[in-house]
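In: can't give you the sequence, but here's the structure:
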């Protein structure tokens with residue numbers, strides 16, 4: 001049995017007219033089905049507005065789909081009993097794009113990471129502090145960072161704190177919604193390497209939402225492509241993706257700048273023909 005199963009999920013948002021009357025609904029997801037196995041990463045590629053973040057919210061239990069099912073370890077997350085839902089909430093965590101808006105600016109790093117531990121664990125003060133220090137060290141920070149506030153960290157450092165919070169309960173699945181897209185290239189590489197290490201060390205599964213092809217194939221075992229709320233296809237390898245003849249995938253590939261600056265003007269000229 002797969003860890004996560006998304007079965008024929010469709011969702012739309014109603015629009016409002018000038019007079020606040022309900023207008024025609026906008027289809028955001030259309031008949032989406034996918035599976036994530038334990039210990040694997042499914043990367044979901046798509047341009048802005050493709051429906052990636054809505055799909056992430058549906059999986060997290062934040063946006064109930066109009067049709068379809070979300071099964072986590074065989075349990076339908078929107079109709080499960082209270083005890084099962086609580087366990088699912090513990091086992092599915094998230095790391096979002098904006099590291100700063102994901103935390104309370106008035107909380108120290110220690111308090112930020114402590115939140116899920118206090119909600120789900122029964123630790124003594126000493127045990128909790130020791131656990132938080134271990135988590136900070138695991139993501140490349142240190143005990144000296146315990147009492148620092150969000151504004152005292154760089155974006156990359158603060159994202160490490162968000163990751164530490166996400167892994168604090170040893171979840172089974174983490175939804176990563178554009179979690180490296182706001183970082184510079186150096187920090188993107190470092191965070192992706194950290195995520196790969198944590199995946200191996202903790203046996204984590206990831207649903208990695210991104211518009212960045214390079215980031216996607218760096219960390220993903222399988223790539224999915226979402227376009228206008230519809231799943232284009234799945235690709236089991238980087239080679240499959242880069243040889244696909246699907247027009248949406250070909251357009252995505254064409255948007256990647258050449259590795260060397262010398263060839264970028266050539267890519268631009270070609271793309272305008």
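Out: That came through, no problem. Since we're looking at a predicted model, the values are computed, not measured.
In: now the stretch 1-150 of the chain, which segments are flagged as low pLDDT?
Out: 15-24 (pLDDT under 70).
In: And the helices in it?
Out: 52-60, 82-91, 109-120, 125-138 (DSSP state H, counting those that start in this stretch).
In: would CSV of those helices with distance to residue 218 be doable?
Out: The way it works is simple: take the backbone N, C-alpha and C, and place the C-beta from them, glycine included. What follows is the helices of the stretch 1-150 of the chain, written out as CSV (distance: least, CB to CB, whole Å):
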stretch, distance to residue 218
helix 52-60, 17
helix 82-91, 25
helix 109-120, 26
helix 125-138, 20
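In: highest average neighbour count across the ones you listed?
Out: Greatest average neighbour count among the helices of the stretch 1-150 of the chain goes to helix 52-60 (a mean of 22), per mean count of other CB atoms under 10 Å.
In: quick one, phi/psi of the spatially closest residue to residue 50 that is not a sequence neighbour?
Out: Nearest non-adjacent residue to residue 50, counting by CB to CB, 6 or more residues apart in numbering: residue 226, 4.5 Å away. Residue 226 has phi and psi values of phi -110, psi 130 when expressed as degrees, to the nearest 10.
In: quick one: residue 226 from residue 211, how far?
Out: 10 Å (CB to CB, to the nearest Å).
In: next structured bit after the lengthiest helix in the chain?
Out: Ranked by number of residues, the top helix in the chain under DSSP state H is helix 185-202. Sequence-wise, the next helix or strand downstream of helix 185-202 (DSSP states H and E) is strand 205-210.
In: where along the stretch 1-150 of the chain do the strands fall?
Out: Ranges of strands in the stretch 1-150 of the chain, per DSSP state E, counting those that start in this stretch, are 4-16, 22-36, 41-45, 67-72, 75-76, 92-95.
In: circling back to that earlier point, residue 226 and residue 211: who's more crowded?
Out: For residue 226 versus residue 211, neighbours defined as other CB atoms under 10 Å are more numerous around residue 226 (23 against 17).
In: Would you mind confirming that that one is in contact with residue 54?
Out: No - Residue 226 lies out of contact with residue 54 (CB atoms under 8 Å); the separation is 9.7 Å.
In: beta partners for the one residue sitting closest to the centre of the chain?
Out: Centroid check for the chain by CA atoms, centre = their mean gives residue 176 as the closest residue, at 1.5 Å. Taking DSSP bridges, one finds residue 95, residue 208 as the beta-bridge partners of residue 176.
In: got the contact list for it?
Out: By CB atoms under 8 Å, 6 or more residues apart in numbering, residue 176 lies in contact with 94-95, 195, 206-210.
In: how near is it to residue 32?
Out: The value you get for residue 176 to residue 32, if CB to CB is used, is 18 Å.
In: now do residue 212
Out: 21 Å.
In: quick one, which of those two is more surrounded?
Out: residue 32 (23 against 17).
In: Which residue is the nearest non-sequential neighbour of that one?
Out: residue 9 (4.5 Å).
In: burial measure for that neighbour, as a count.
Out: Residue 9: 21 surrounding residues under other CB under 10 Å.
In: Equivalent analysis for residue 197, please.
Out: 13.
In: Now do the contacts for it.
Out: Counting by CB under 8 Å, 6+ apart, residue 197 has no contacts.
In: Distance of it relative to residue 235?
Out: Residue 197 sits 24 Å away from residue 235, going by CB to CB.
In: swap in residue 243?
Out: On the measure of CB to CB, residue 243 and residue 235 end up 9 Å apart.
In: quick one, which of the two is more surrounded?
Out: Neighbours per residue (other CB under 10 Å) separate residue 243 from residue 235, with residue 235 holding more: 23 against 11.
In: Isn't that one up against residue 222?
Out: Yes - in this structure, residue 235 is within contact of residue 222 by CB under 8 Å, at 6.9 Å.
In: re the thing from before, make a markdown table out of the strands of the stretch 1-150 of the chain and add distance to residue 141.
Out: Formatted as a markdown table, the strands of the stretch 1-150 of the chain follow (distance: least, CB to CB, whole Å):
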| stretch | distance to residue 141 |
| --- | --- |
| strand 4-16 | 30 |
| strand 22-36 | 28 |
| strand 41-45 | 23 |
| strand 67-72 | 30 |
| strand 75-76 | 35 |
| strand 92-95 | 15 |
